[in-house]
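Enquirer: any chance you could fold what I've pasted below:
(2 chains)
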2 protein chains.
Amino acid sequence: MDYNKRSSVSTVPNAAPIRVGFVGLNAAKGWAIKTHYPAILQLSSQFQITALYSPKIETSIATIQRLKLSNATAFPTLESFASSSTIDMIVIAIQVASHYEVVMPLLEFSKNNPNLKYLFVEWALACSLDQAESIYKAAAERGVQTIISLQGRKSPYILRAKELISQGYIGDINSIEIAGNGGWYGYERPVKSPKYIYEIGNGVDLVTTTFGHTIDILQYMTSSYFSRINAMVFNNIPEQELIDERGNRLGQRVPKTVPDHLLFQGTLLNGNVPVSCSFKGGKPTKKFTKNLVIDIHGTKGDLKLEGDAGFAEISNLVLYYSGTRANDFPLANGQQAPLDPGYDAGKEIMEVYHLRNYNAIVGNIHRLYQSISDFHFNTKKIPELPSQFVMQGFDFEGFPTLMDALILHRLIESVYKSNMMGSTLNVSNISHYSL
Amino acid sequence: MDYNKRSSVSTVPNAAPIRVGFVGLNAAKGWAIKTHYPAILQLSSQFQITALYSPKIETSIATIQRLKLSNATAFPTLESFASSSTIDMIVIAIQVASHYEVVMPLLEFSKNNPNLKYLFVEWALACSLDQAESIYKAAAERGVQTIISLQGRKSPYILRAKELISQGYIGDINSIEIAGNGGWYGYERPVKSPKYIYEIGNGVDLVTTTFGHTIDILQYMTSSYFSRINAMVFNNIPEQELIDERGNRLGQRVPKTVPDHLLFQGTLLNGNVPVSCSFKGGKPTKKFTKNLVIDIHGTKGDLKLEGDAGFAEISNLVLYYSGTRANDFPLANGQQAPLDPGYDAGKEIMEVYHLRNYNAIVGNIHRLYQSISDFHFNTKKIPELPSQFVMQGFDFEGFPTLMDALILHRLIESVYKSNMMGSTLNVSNISHYSL
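Expert: Next comes the predicted model:
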């Protein structure tokens, strides 16, 4: 399990930490305080929060005080924040619907900060492919190294599965089935739940978020994009019932415009592998099936990933592997394994991989920051990674970039297009670099 | 479980049995001797084998002697067989590829037999929709009551599931996932296995047989046809490795033209329910998933059907049901259940239904014959069934007919068409009676 090791140097005492400026860190609420902040806390020698921006400066000041961020400054404007040379990395952790209007001017203003090296944007990057392309282009012109929070790629389960696959432990993949059950988007809506996640176009929905993360993970594990896809998108629950904290119905119905079901099927470019996916909303059942099930079948074995929540990127999973031992398993470097005289060829082997107390919500983001730190300080002495790189693609090392996000956006747009046109689409070109 | 009861009269002493003429009963080999024959043996007061036809009369004579069929005659020609007034029901249990060339003249010759009332044909009826339509039309003109062996509809598990669904025990269905793994069509082929089942066009393949039976069962359980479908058909294993009885590879590769994978997704007409299906060939795995899994999710509960083999119509299954008790479960007759004062509304209930020693291969065919007998002798005093009926549709009583087969053939043709055209197809009209 080479690729699941921690950073080779977990503290970097002799180098200056990466100075982080946050758009969207709020001590009182939100995603960043639950994930980015504890992730960075565990990497305090490598990252230091030096700047906060919020439309209301009071929010930033309160956050600095409450979190005791002694090195951080609250900036009054996006321009002053983006121009400040005290920032090496900007993290965008606000609602996706605001990404475009914040990131575009921010990149422009950042030309005044010669130290800016990293731009870390939360998935889904933007609300549409057009916006995502514009942000990608602006970031490329600005010359920053980008990071997208497709953090499922850093999940230890996904990396272990990818390792088993890439080292030939299941042979050639011949079929894949995925079923995901997202808790939102169902018949009921908690009355305190924010409205925007139920309105289409805000970059947070079953297709963009649930399917997006999961299919990115699938492509990453199998090291293959898709060649053909067909999709059907449903909004069978156009109205939801409001419920209180205890789950009691409040007798009020509210409109929902985001999808509650996605049927997706297609073939992987690599090996023409049939992939069948069903993603749905509704309350978790957990009775006869887990809310996330990924079955990957191969000529020599099978992998199964299971999770209690339909969100692969933030769930603690269980990985099951079963296969038949053979003496032709290739090693990672492509060579043949030496034939042990006592080698028990043909014997069935099995592995269950589970980290009981793994907090996947923080953990996968933490591992993403770790890989940024590994890259920045070159603690792993990775020869392949240049000082800046366009995309991670399917490499074990590195981290996903805005180009990885853009390719995923193209797939998501193809999903909506296939649904609308009623067509099976050829998508074998969407993984190309070009815009 | 009203619909799983046996015939109300299991012996019919005062009436003459239905006289059966077989095309394809061979004591030495084949499907009929393993299924039709033992099924009929258990219903000896209702059915009597009176005639056999085979191109070689010696085969029929040998079968009559070996099975001690004292009332049966071996006919030398199809014409003499079909014209004989000693036959009330003809059973066609030969290779599908020969159905058309046998059934068409047989129906013509049968005009000389005034007693012929039933024509029982094995699924898949014919090798193509065109042939199936011609046979249907000829049988309708001849005026016989037809039966098709879509025997999965008679499986006790399927009937129990249909009952739970129709009585509201899972509420409104909102999603369905099916994964089937057919043992044939994989990387290896037993050297003694007949060639024709690996050659496309013979009416026996993953789409026609495996998918056909299973999707018919699904439609029957849910009482709904499809409105939209998309399919992708694969032949990723164009060559198979020959193996001997012990599974040893013989070092010889043979061509395969039948598909080894089908991706199918669509929406049920009734409720716009998303259905996701993946059917594949290859050896059974059984490690982390059964070879047949049907998940039916509803607003009030879930059903799961599991089987060791990917062939729902001939497998012993396990049916799991889980739901929440509510006092608005409708009764079978459409009335509300009386409200028991001690009624434990909201309590979760669960049912596991499994008949440990049920032989599904014989059992489902046996139950099909039973329903023919129930119809013929009207032992259940069913008022709805006329003396002759065009199709079973989704009724509990009766049996599937050539019209049910024709509708299924139209769906199968749509599968191939969708694959070829790369389109999602509207199939909401294929369930209409008309040709």
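Enquirer: the closest residue to A:Glu141 other than its chain neighbours: which element?
Expert: Leaving aside its sequence neighbours, A:Glu141 sits nearest to A:Leu107 (CB to CB, 6 or more residues apart in numbering or on different chains; 8.0 Å). For every residue, glycine as well, the C-beta is placed using N, CA and C. Under the criterion of DSSP states H and E, A:Leu107 resides in helix A:96-109.
Enquirer: surely A:Ser428 meets A:Ile229?
Expert: No - contact criterion CB atoms under 8 Å: A:Ser428 and A:Ile229 do not qualify, at 10.1 Å.
Enquirer: anything in the host helix or strand of A:Ile176 near chain B?
Expert: Using DSSP H and E, A:Ile176 sits in strand A:173-181. Yes - against chain B, strand A:173-181 shows contacts by CB under 8 Å from any CB of the partner chain at A:174-175, A:177, A:179.
Enquirer: other SSEs contacting that strand?
Expert: helix A:212-222, strand A:274-280, strand A:292-298, strand B:274-280 (3 or more CB pairs under 8 Å, 6 or more residues apart in numbering or on different chains; DSSP states H and E).
Enquirer: say whether chain B is contacted by the helix or strand just after the first one.
Expert: Sequence order places strand A:226-234 as the next helix or strand after helix A:212-222, per DSSP H and E. Yes - under the criterion of CB under 8 Å from any CB, strand A:226-234 makes contact with chain B via A:228, A:230, A:232, A:234.
Enquirer: sheet partners, orientation included, of strand A:226-234?
Expert: If you go by DSSP bridges, strand A:226-234 pairs up with strand A:261-268 (antiparallel), strand A:425-426 (antiparallel).
Enquirer: now what about the helix or strand following it, what contacts it?
Expert: Once strand A:226-234 ends, the next helix or strand along the chain (criterion: DSSP H and E) is strand A:239-243. Residues from elsewhere that reach strand A:239-243, judged by CB atoms under 8 Å, 6 or more residues apart in numbering or on different chains: A:186-191, A:198, A:249-256.
Enquirer: show me what the lowest-mean-pLDDT helix or strand in chain A is packed up against.
Expert: None of the helices or strands of chain A scores lower by mean pLDDT, DSSP states H and E than strand A:348-353, at a mean of 90. Here strand A:348-353 touches helix A:156-166, strand A:317-324, going by 3+ CB pairs under 8 Å, 6+ apart.
Enquirer: quick one: which of those is nearest chain B?
Expert: strand A:317-324 (4.3 Å; CB to the nearest CB).
Enquirer: just name the most buried of the strands paired with strand A:226-234.
Expert: Burial of these is given as mean neighbour count (mean count of other CB atoms under 10 Å in any protein chain shown); strand A:261-268 ranks first at a mean of 26.
Enquirer: now it: how far from the chain's centre is it?
Expert: Relative to its chain's centre, strand A:261-268 lies at 19 Å (CA atoms, centre = their mean, to the nearest Å).
Enquirer: the inter-axis angle of it versus strand A:274-280?
Expert: Interaxial angle, strand A:261-268 versus strand A:274-280 (axes from the mean of the first three to the mean of the last three CA atoms, to 10 degrees): 160 degrees.
Enquirer: ok so, going back, strands paired with the strand holding A:Ile176, and their directions?
Expert: As assigned by DSSP bridges, strand A:173-181 forms pairs with strand A:274-280 (parallel), strand A:292-298 (antiparallel).
Enquirer: and those strands as a markdown table, adding mean pLDDT, mean neighbour count and distance to B:Tyr100?
Expert: Shown next, in a markdown table, are the strands paired with strand A:173-181 (pLDDT from 0 to 100; neighbours: other CB atoms under 10 Å in any protein chain shown; distance: least, CB to CB, whole Å):
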| stretch | mean pLDDT | mean neighbour count | distance to B:Tyr100 |
| --- | --- | --- | --- |
| strand A:274-280 | 97 | 27 | 31 |
| strand A:292-298 | 95 | 24 | 37 |
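Enquirer: okay, those in JSON lines with distance to A:Leu402 next?
Expert: Listed next are the strands paired with strand A:173-181 as JSON lines, based on distance: least, CB to CB, whole Å:
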{"stretch": "strand A:274-280", "distance to A:Leu402": "24"}
{"stretch": "strand A:292-298", "distance to A:Leu402": "26"}
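Enquirer: doesn't A:Glu245 make contact with A:Pro190?
Expert: Yes - counting by CB under 8 Å, A:Pro190 touches A:Glu245, with 7.2 Å between them.
Enquirer: pick out whichever of the two has more residues nearby.
Expert: A direct count of neighbours by other CB atoms under 10 Å in any protein chain shown for A:Pro190 and A:Glu245 places A:Pro190 higher, at 13 against 8.
Enquirer: rewinding a little: which other helices and strands does the helix or strand just after the strand holding A:Ile176 contact?
Expert: As assigned by DSSP H and E, the chain's next helix or strand after strand A:173-181 is strand A:188-190. With contacts defined as 3+ CB pairs under 8 Å, 6+ apart, strand A:188-190 has these neighbours: strand A:239-243.
Enquirer: for A:Leu119, give me its contacts.
Expert: A:89-90, A:92, A:103, A:107, A:139, A:142, A:144-147, A:402.
Enquirer: same thing but at 6 Å, please
Expert: A:90, A:139, A:144, A:146 (CB atoms under 6 Å, 6 or more residues apart in numbering or on different chains).
Enquirer: right, I'll call it a day here.
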